[in-house]
Structure formats: C-alpha cells, structure tokens
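A.B. asks: After the sequence you'll find the predicted model.
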Amino acid sequence: MTVKLHRKRLFIWVLLLWCLSGCALAQSTFAEVKAQYTSSDAWLLAQNGEVLQQLRLDFAVRRLAWTPLEAVSPALLSALIYSEDKQFYAHSGVDWRAVAAASWRNLWNTRTRGASTLTMQLAGLLDELEDSRRTGRRNVLQKIGQGTDALWLDARWQKAEILEAYLNLVSFRGELQGVAAMSFGLFGKSPAALDVREAALAAVLLRAPNVPPRRAAERACVLLKQLGAPEQCADLEGFAALKLTPPYQIPAPDHAPHLARMLLKTAGLALRTTLDADLQRYANQQLRANLLQLERRNAQDGAVLVLDNQTGQVLAWVGSSGKLSSAPDVDAILAQRQAGSTLKPFLYGIALEKRALTAASILDDTPVRITTPNGLYVPQNYDKHFVGAVSLRMALGSSLNVPAVRTLLRVTPDVFQQRLAQLGFTTLKESGDYYGYSLALGSADVRLLDLTNAYRALANQGQWRDVSWLVGKTAQQPPRQVFTAQTAAIVADILADRSARHHTYGLDSVLSTHYWTAVKTGTSKDMRDNWCIGFSQRYTVGVWVGNAKGEPMHDVSGISGAAPVWVAMMDYLHHRQNGLSVRSDPPPVPKGVVPRQIRFEPALEPPRRELFLAGTAQTVIRASGESGRGDRKMQRADSAMARITYPSTGVIVALDPEIPPARQRVVFKTSVPVSRGWQWMLDSKPLGSAQQLTAWFPMPGQHVLLLQNDQGIVVDQVSFEVRGATMKTSEPPR
C-alpha cells in the first residue's frame, strides 16, 4: 500500500513539474533582486569613498554589502557546487535524475533531501524574501512550485547570476546571512580569501546552519576528502570549535563612530562625507597619543574638529578618545562644556567694534571686587598674579581675566550674550544677566562645534557660515556678518601675536608655529576642561581635552592638554606626509584698518606696530602723567563700567511687619566704586551721591532707579517693586 502511494506521489510530482514548466508565475530579474537587497549595516565614507565607519542598524539579521561572484573564493564555489549541486552547470534548474532518485528513495524512506538544486534553493529564498517569513520544511506542492520557479529562473538568468544571488541570500550560521557576513563573521576575512578548509566548513553549514561544531567538522572532513584534500582534516574539530562558537564579531573600520551615529539612520546606506580619511586617522592617533602622556593627570577624554575655512566642510570629526575614555559613546564635539577663556576674543571684538577700546587701550589688571545680587564676584588670573596696567592686546594675548571682566562691565552681559548667539552658540539661550560677569571668563557651557565655527567666522572676515559634512550638500543656514571685517582682522592679529602671549605663555610657547596662525587656549574652573581653538589662512581646528564624567584634571591646562594636539593637526594640514605644503601667510590689512607705530608714556610696553579702526588711531598712548593722576584716570575708567547690581530689574522687595521699620532698608549697589559726582535718581528725584553707601527706606509701590554719571548722563536704570503695608515711623526716610 505504501509503495503504491509513493509511486502515485512521484507520478503527480513529475507530471505537474512538466506541465507547469512553461507557465511559471512572474519572477524578479537578477537586477531587481540585487536592487532590493538591503544590508543590515550602513557605511560612512570619506571624500575619496574610503569606508571610515561601519554601523549596524538592523538587528534582526546580519547582512553585509552585496558580494559579486568574482569576489568569492574559487575554493568556496567548488565546495558549494560539489556539496549541493554537482550537476549545476548541466541541468536546466531541476535535476530530473536527482528528483527520480530521491523519489525512489522515498519509496522506502520518508526523507526528501537530495533533490533540490541550487536554483531551486534560490527560488525558495526568493519566496521567503517575498513573504518576509520562513516556511520551514517544504511539502510536495511547495517543492513543485519551487521546481517550477527554478525552471523559470534557469531559463532567464545566467548561471553566474544564480550562484551570486544564492550566495548573498542564503543563511550560513546563526544570524549570519550571505557570503560576506559568513566570511567576515566566522573567519575574519573577505570571501575572496577563504581557503579550502574554510570553504568546506562553510559549505556544510548550508544544510544545517546551527549544527554543533564537532558535527560540522565531521561533515567538512568528508567533503574535503571528496575534494581531494584529506590533509585539511587535521585539527579540523578544534578549528571548527574556534570559528563556529558565538559571538561572531565582524571586523569593521572604526574611525568616525560619533559622526556615523549622527548621520546614518537607514540600513544599507553608504553616505559620502566631507571627511579626509588620512586626516581623520591622524587626528585619532594624535589625540590618543597626547592623552596617554597625561594618563597620570586624570585626563581621559578629548575631541578634535577640523573645518575648511572657505567651504565650511568638516575635514575631521573625532568625538572621543575611544578605549581611553570612560564614556566612549559620548560625542564631545556636541557635548556642552565650560568654555573657559575661549570666549574672550569675541568680547574684546565687541569693545573694539563699538570703539569703546582700541588694541592699544590701557586696561587695569589689578584685584577687583564686583557686587552682584549673589554676593561679591572676585575674578582671579590663572596664575593668581596681576600685571597692573596692560594694553588690550596683551590682556587678550596673555588671557588675563580681570581686564576681560572689566571689559564686560563696559559691554554688558546682555550685549555679549546676544553677539555670541549670532555667532552660532546654540547653548547660550538665557539672557546675559543669567550668566553674569563670569561670562567673560567662559562660565557658560558651549559645544566644540559651535566654538570652532565661531573662530572660523573670525578667519572669514567676521562672516559666520554654517558647516557641512556631506559631499554635495550646502549649508542649511544663510551666512551672516557678525563682526566687521576690520574688527575680525584686529582680533586675529592679536591672537597671532606671540609677543602678546608672553605674560602667561612666554615668547616661545607650543602655540608659536612657523607659519601664520591665530590661536586661543582656555581652561575651565577646577581644570575640568581645556581647549585650544585657532585658525590658519585655510583651516580652523578646535581641540577639547577633559573627562566626560566632569572630573577635574591634575595640573592640565590648555597648553599641556589641548595645545599639543592642535599644533600637531596644524602641522599635518600644512605639511602633509606626501610632501604637499599648504601656505598660511598673514592676511592683508583690510581697508578701514590703520597701522600705526606707537609708543607708551610711561613705557608700560615696548614700542610696536599697532592696528586701529579708522578714526581711532594714536601714536602715543598715555596711561598717566603722574601716579596720582593715573589713579584718578583709572578710577574714572572703572566708573565708566559701573552698572546697578542691586536691585535688579523685576526684583520684588517684601516688607516684613515683624521687623522694626528702622531696620528695613534697601541698599543700592553698583558693580564697581564710582567717582565723585555720580548720583542716584529714584522716581525722577535726586536721592544722593552714588559714591556713598545709600540705604533707602522702602515705600510700597513701583519704582524706577537711575544711576547718573558726573555729566548728568544716565548710564543704567532698573525697575523694581516694594510690597507690604505702609509702615508708620517717626524717622524720616533716608
């Protein structure tokens, strides 16, 4: 009875195959199958097409890029055909002899394995791809459909196309699908490099992808003997155990992981960026090399960004130190960190542009106590020493803190914050009063991307332009002129002046390149961050060094932490290893900037050539005629920076009925001591000298307080409110 049933099955199978061979359902072409194939990974490419980063996005299966047949080892092709379909090149999609033999065996055994050709298996893979599900072991009707599709494929596809598609779609082991994922995942090499032993082991996995390594080795040894290579069976079991045991790690380029995670969102995408492959690798190497030298100083993390001044293209994007970092996934180029002194060039640029100061103006670098709503603010220099009277050029070049704070008093925090926002600082969203006078010293958090591009604006004659990191993509935001070209030129000239740095860095610091560069360092509070940002004629480079967790470093400043990396990057950019040399000459003095040979009386600084905005030029800079007169001049200069620090606009003063009225007073305060003649005006009425401490008896209601200088000009005003019941007292208000 069983024999009759199997004979009937065989007759139906052969008959249906014969009848349906000419009426197969429409199938995809080879080009369509290849076009629809999607890798589980995406690739970040450099300008020249080199792969910088490979990022997995699909975790359901592991597929790599489509592999052409000519990129597959001949050993694997031989093992595949011998193991799966010896008559592949002779049959027309269905091996009728194998079908007959398999059917005859089924008369005595229910096993159906052995009749499927590679073409039939491909047809099954295409069905699974279309259904998006696996159908498991196939019944007779499915075998018939598979055979019909195989006949159609063989009639319309070339044999090479069938082999190529099969090798890219078939599953080998675990999640590894396709010859590329199998070859890299199991053996750590490309499909073209597989040897005979590896090819045999891979071929036997096709029938049982998850077979134990010992069993796979036994089957591979049988195949190797059939292929005439029995000597390859030696130690095969140990080799199989080593290669077939998960996890299967696929080696991949890992040069730009942070930019890849930011840009790559679609599996199978190969995105071509503006990154320079050699420069990107060099930046990684230099950052890690310098951090290794700082290992005992608790410096683990860093970041490097390189921009092309003219195009805004990102040439290098290194977001962390990789394995040296305690948080390697954090992109320090986009992380918010304290800016330190790196904001000072923009502060002085505002003062120059408003003609409140010149590069030769004398500033006071002596201790100062500034009254704020939160108490006294007492800025200090990095080395805890003070220079005294110093020019703006020297104050900026040597990064002196007190002159910067005094300049911010003149400029005001609100104006400074607004200009920084125009320069693209996306993190400075609060008003200037929120940051206070410490904004001059970089107390606010910024991103390396924003900071570096702001310096690029100085390199581009004060014009801010957005950056780009994709080839062929233009900047998203239109350019804007943030500083005049004249102001940018003077600031850049100061940042390029090695003699202006001597108070803090000496005349021969690491920042002194033998080609023209303008550069500024910065170190945040407690040495948690240090920076080195600067530009040449063609490039702008930004470097940050610190710890992703915010831990302070041990005696690491911008000079020892970030500056060596910055110099190495600049040297590489201007003297590449291939011999190409990129010039960086001092930019020409723009129209509207007047060079002058100046001298100081008294000789606070040596005579020098100085740059002035047209209309502000001087040849003799007089600090004071005598000591007393100089003190008065400095006092008048300080007074000009005075602002009302208490009360601030919007303050509500609440009267407390439990406190005796005589003890309730509002004390009006200025940011710095003012000179004689300055007055308070409250609600349009004189209140008394601002030089003296003024304690006002509060009266309920809305009030407007003015600070008036000795010339009767209002330099500041605030509005505030007093709330509470009117107090009765015999003491008149004062």
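C.D. replies: Received it, and whenever you're ready, just let me know what you need. Numbers count the residues shown, from 1 in each chain.

A.B. asks: quick one, phi psi at the nearest residue to Asn460 once chain neighbours are set aside?
C.D. replies: Leaving aside its sequence neighbours, Asn460 sits nearest to Asn309 (C-beta to C-beta, 6 or more residues apart in numbering; 6.0 Å). Where C-beta positions appear, they are placed from N, C-alpha and C, glycine not excepted. Here is the backbone geometry of Asn309 (degrees, to the nearest 10): phi -60, psi -40.

A.B. asks: what's the burial count for Asn309?
C.D. replies: 19 (other C-beta atoms under 10 Å).

A.B. asks: how close does the closest residue to Ala351 other than its chain neighbours get to Gly522?
C.D. replies: Nearest residue to Ala351 in three dimensions, chain neighbours excluded: Leu357, at 4.3 Å (C-beta to C-beta, 6+ apart). With the distance defined as C-beta to C-beta, to the nearest Å, Leu357 ends up 21 Å from Gly522.

A.B. asks: Tell me which of those two has more neighbours.
C.D. replies: Gly522 (26 against 22).

A.B. asks: Contacts only, for the more buried one.
C.D. replies: Residues counted as contacts of Gly522 (C-beta atoms under 8 Å, 6 or more residues apart in numbering) are 339-343, 399, 442, 529-533, 558.

A.B. asks: same question, Pro647
C.D. replies: Neighbouring residues of Pro647 by C-beta under 8 Å, 6+ apart: 653, 666, 668, 705, 718, 720.

A.B. asks: redo that, cut-off 10 Å
C.D. replies: 373, 653, 666-669, 696, 703, 705, 718-722 (C-beta atoms under 10 Å, 6 or more residues apart in numbering).

A.B. asks: Please save the CA atoms from stretch 482-495 in CSV.
C.D. replies: Extracted as CSV, the C-alpha positions of stretch 482-495 are listed here (Å, rounded to 0.1, in the frame of the first residue of the first chain):
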residue,chain,number,x,y,z
VAL,A,482,28.6,89.1,12.9
PHE,A,483,31.7,91.3,13.1
THR,A,484,33.0,93.8,10.6
ALA,A,485,36.0,92.6,8.6
GLN,A,486,38.1,95.3,10.2
THR,A,487,37.3,94.1,13.8
ALA,A,488,37.9,90.5,12.8
ALA,A,489,41.3,91.4,11.3
ILE,A,490,42.4,93.2,14.5
VAL,A,491,41.3,90.3,16.8
ALA,A,492,43.0,87.8,14.5
ASP,A,493,46.2,89.9,14.5
ILE,A,494,46.2,89.8,18.3
LEU,A,495,45.6,86.1,18.5
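
A.B. asks: Run the chain-centre distance for it.
C.D. replies: Centroid displacement of stretch 482-495 relative to its chain, using C-alpha atoms, centre = their mean, to the nearest Å, is 27 Å.

A.B. asks: How about stretch 58-66?
C.D. replies: For stretch 58-66, the separation from the chain centroid amounts to 26 Å (computed by C-alpha atoms, centre = their mean).

A.B. asks: Please list the outside residues in contact with that stretch.
C.D. replies: Residues contacting stretch 58-66 (C-beta under 10 Å, 6+ apart): 33-35, 37-43, 51, 54, 56, 164-165, 167-169, 171, 174-185, 190-191, 248, 250, 252, 266-268, 270.

A.B. asks: Quickly list the domain ranges of this protein.
C.D. replies: 2-36+68-243, 302-600, 644-723 (automatic domain parsing).

A.B. asks: that older thread, out of the contacts of Pro647, which is nearest to Ile621?
C.D. replies: Ranking the contacts of Pro647 by separation from Ile621, with C-beta to C-beta as the measure, puts Lys669 on top at 33.0 Å.

A.B. asks: Can you tell me the SS state at that closest one?
C.D. replies: With DSSP: H, G, I helix; E, B strand; the rest coil as the basis, Lys669 sits in strand.

A.B. asks: Just confirm it contacts Thr645, I think it does.
C.D. replies: Yes: between Lys669 and Thr645 there is a contact under C-beta atoms under 10 Å: 4.9 Å.

A.B. asks: sorry, back to before: and the contacts of stretch 58-66, which of them are buried?
C.D. replies: 33, 37, 39-43, 51, 54, 56, 164-165, 167-169, 171, 174-185, 190-191, 248, 250, 267-268 (16 or more other C-beta atoms under 10 Å).

A.B. asks: Tell me which of these fall in strands.
C.D. replies: 41-43, 51, 54, 56, 171, 176-177 (DSSP state E).

A.B. asks: a markdown table for those, including pLDDT and distance to Pro586?
C.D. replies: Putting these into a markdown table (pLDDT from 0 to 100; distance: C-beta to C-beta, whole Å) gives the following:
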| residue | pLDDT | distance to Pro586 |
| --- | --- | --- |
| Asp41 | 95 | 47 |
| Ala42 | 96 | 44 |
| Trp43 | 96 | 41 |
| Val51 | 96 | 39 |
| Gln54 | 96 | 43 |
| Arg56 | 95 | 48 |
| Ser171 | 95 | 63 |
| Leu176 | 96 | 58 |
| Gln177 | 96 | 59 |
